[in-house]
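1. Dropping the sequence and predicted coords here.
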Amino acid sequence: MRKAPALLILPALFLLLAAPLVAQGLGDSSANFEGALVLPAGPTPLSLRLLEDGGGLIDLPGQGIYGYPLSALEASQDSLRFSVGLPGDASGWFSFELRKAPGAGPGQTGRFQGRFKGSGGSGEAWLSPVSSPPRPGEALAIPVKGGRLHGELLFPAGSGPFPLLIIVPGSGTTDRDGNNYAVPVRNDAYLQLAQALAQAGVASFRYDKRGAGESYTLAGPEAESRFDDYIDDAQAVVRTLAGDPRFSRVSLAGHTEGALVAASALGRLDSGLGLALLGATGLRAVDLVEASLAELPSDKAEEAQAIMASLKAGNPWPEPSEFFADFFRPSFQAYLISWFKTDLVAELAALDGPILLVQGNRDFQVPLSEFALLAEARPDAPAVVLPGMNHMLKEVPGELEENWKAFSDPGFPLAEGLVDLLAAWAKRQALPGGLVRFDGGKLEGRGGPEAQTGPALEAGPLHSKAAPDEAAPAPVETAPGPPA
């Protein structure tokens, strides 16, 4: 069983940001800037990207910061003012005030220079406009609640149509490349997966989750946020791409919490599309929270139980004590109520499309006992355990320290066999033989055209259907997973 301090096993779901101001007075060619912070130890690189829908992202590679969203922005031909975080934030904050350097003529964008200040000190900074860096795929923005969801299509070489795999991002503020700005450095897991799939003849679409990357401005006031927002976003992606003639069939791959999002989205659509679940747990969100609360001292347990009972019934708890004032803050409770209603096992059992279950034997965050709940819900689905794969889909050795490094080091490769497995399944071809089942057995080429083909994809609109029964099958006894 995973051990963690009470209330700390939950992902960082939101970063509350001040509403950004749309940049004005700068052309598309000036949407990207590169420069430096001038520190006593020497200059350190700084990059700024202004976004089409407002706001911006900064990189500070020397500090391992990539794609960090701005909390405020004012931009014109003559000045750049922007902030990262807010004064008093535990994670730190900085504000920048830069003006056009002398020598830049009227109506021209040139070098901006000035100063920065914040929780880490102060100093000089400068930025100069640069061309937009090339991206490997085709940008696509999809209308959703509050704006547009930004992502990227990546195609194989040659002429299509191609099978398409929609990669639904996991927990936290995860962007299209699989990176979380709250976690130092990068892992690029989704980018690597998309590139490898293209080499294997499979197109992909991956997107910046609401609150991350170019979609970060979709994260509105916390009190208005619901888990259903992620599900609605995934539905919008499916509706946009399912009828695209460039694709022969469309499937989804949900990673960690993205598996719950993807399954819930497909459960509300009359589609029959396929779903691959990567590193997902069969436990419900409410189960995970209650397991964490069970570790509280007895003098806190009574209030915790009362709060949970109220939220599970769909009722807010107006005044949590100081001990619970952060996690159970009133502005967050509506999100928790919507999250607690979700149940991946129930959603999975009700889906009528082809299913693939994939887990790694070095995923110390989701033990095999939790993965087995998914396999029991869909005994018809291949349930594969890839040796050496960790929670971020990377090939890692047995050492715990190396496993952790893979979360923030793009140098770790994808797990061996993952791409071949997903590519064969997306094409509805026979799966590679000799794969290890979750119970230790072998899969012998399951999943070909004669098995789990599911309804054929037809171009045209998808229609919503009633939500599946929320009752979950009873847990089963399984062998314990690898130690955390």
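-> Here it is on my side, so go on.
2. Kindly state the domain boundaries assigned to the chain.
-> Here the domain assignment for the chain is 28-130, 138-284+342-443, 286-340, based on automatic domain parsing.
3. Distance from the second one to the middle of the chain?
-> Here domain 138-284+342-443 is found 9 Å from its chain centre; the criterion is CA atoms, centre = their mean, to the nearest Å.
4. What ranges in the chain fall below the confidence cut-off?
-> 1-30, 86-91, 103-109, 440-484 (pLDDT under 70).
5. Can you show me the helices along it?
-> Using DSSP state H, the helices assigned to the chain run over residues 189-199, 228-241, 257-267, 285-293, 298-312, 330-340, 344-350, 368-377, 400-405, 418-426.
6. Could you say which of those helices is packed most deeply?
-> Counting by mean count of other CB atoms under 10 Å, helix 257-267 has the highest mean neighbour count of the helices of the chain, with a mean of 28. Where you see a C-beta, it was placed from the backbone N, CA and C, and this is true even at glycine.
7. Show me what that one is in contact with.
-> Contact with helix 257-267 is made by 11, 166-171, 230-232, 234-235, 238, 252-254, 273, 275, 277-280, 285, 342, 344, 347-348, 350-351, 353, 467-468, as judged by CB atoms under 8 Å, 6 or more residues apart in numbering.
8. Could you dump the helices of the chain into a markdown table with distance to Leu386 added?
-> Rendered in a markdown table, the data for these read as follows (distance: least, CB to CB, whole Å):
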| stretch | distance to Leu386 |
| --- | --- |
| helix 189-199 | 13 |
| helix 228-241 | 24 |
| helix 257-267 | 16 |
| helix 285-293 | 24 |
| helix 298-312 | 35 |
| helix 330-340 | 28 |
| helix 344-350 | 20 |
| helix 368-377 | 12 |
| helix 400-405 | 14 |
| helix 418-426 | 6 |
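9. quick one: which of the ones you listed is nearest Pro69?
-> Ranking the helices of the chain by their distance to Pro69 (criterion: CB to CB) puts helix 228-241 first, at 17.0 Å.
10. So which residues make contact with that closest one?
-> 140, 142-145, 149, 151, 164, 166, 168, 205, 207, 209-210, 218, 247, 250, 252, 261-262, 264-266, 268-269, 271, 273, 338, 461-462.
11. One more pass at 7 Å, please.
-> 142-145, 149, 164, 166, 168, 205, 207, 210, 247, 250, 261-262, 264-265, 268-269, 271, 273, 338, 462 (CB atoms under 7 Å, 6 or more residues apart in numbering).
12. Would you write a PyMOL line that selects the buried entries of those residues?
-> Buried residues within the contacts of helix 228-241, by 16 or more other CB atoms under 10 Å, are selected in PyMOL with:
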select buried, resi 142+144+149+164+166+168+205+207+210+247+250+261+262+264+265+268+269+271+273+338+462
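13. Can I get stretch 430-443 as PDB, trimmed to CA atoms?
-> This file holds the C-alpha atoms of stretch 430-443, laid out as PDB (Å, rounded to 0.1, in the frame of the first residue of the first chain):
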ATOM      1  CA  ALA A 430      -2.800  -8.600 -33.700                       C
ATOM      2  CA  LEU A 431      -0.800  -7.600 -30.600                       C
ATOM      3  CA  PRO A 432       2.800  -8.600 -30.300                       C
ATOM      4  CA  GLY A 433       3.100 -12.200 -28.900                       C
ATOM      5  CA  GLY A 434       4.500 -13.100 -25.500                       C
ATOM      6  CA  LEU A 435       3.300 -10.000 -23.600                       C
ATOM      7  CA  VAL A 436       3.000 -10.500 -19.800                       C
ATOM      8  CA  ARG A 437      -0.500 -10.400 -18.400                       C
ATOM      9  CA  PHE A 438      -1.300  -8.700 -15.100                       C
ATOM     10  CA  ASP A 439      -1.600 -12.200 -13.400                       C
ATOM     11  CA  GLY A 440       1.700 -13.400 -14.700                       C
ATOM     12  CA  GLY A 441       0.400 -15.300 -17.700                       C
ATOM     13  CA  LYS A 442       1.100 -14.600 -21.400                       C
ATOM     14  CA  LEU A 443      -0.800 -12.900 -24.100                       C
END
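14. Go through that stretch and flag the buried ones.
-> 430-432, 435-436, 438, 443.
15. next one: stretch 377-390
-> So stretch 377-390, judged by 16+ other CB under 10 Å, has buried residues 377-378, 381-386, 388-390.
16. okay if I get those as CSV plus distance to Leu400?
-> Below are the buried residues of stretch 377-390 laid out as CSV (distance: CB to CB, whole Å):
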residue, distance to Leu400
Ala377, 30
Arg378, 31
Ala381, 30
Pro382, 29
Ala383, 25
Val384, 23
Val385, 19
Leu386, 18
Gly388, 14
Met389, 15
Asn390, 10
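17. Out of those residues, which is nearest to Tyr66?
-> Asn390 (20.5 Å).
18. Would you confirm that Gly388 contacts Val396?
-> Yes: using CB atoms under 7 Å, Gly388 makes contact with Val396 at a distance of 6.3 Å.
19. what touches both of those two?
-> Arg362.
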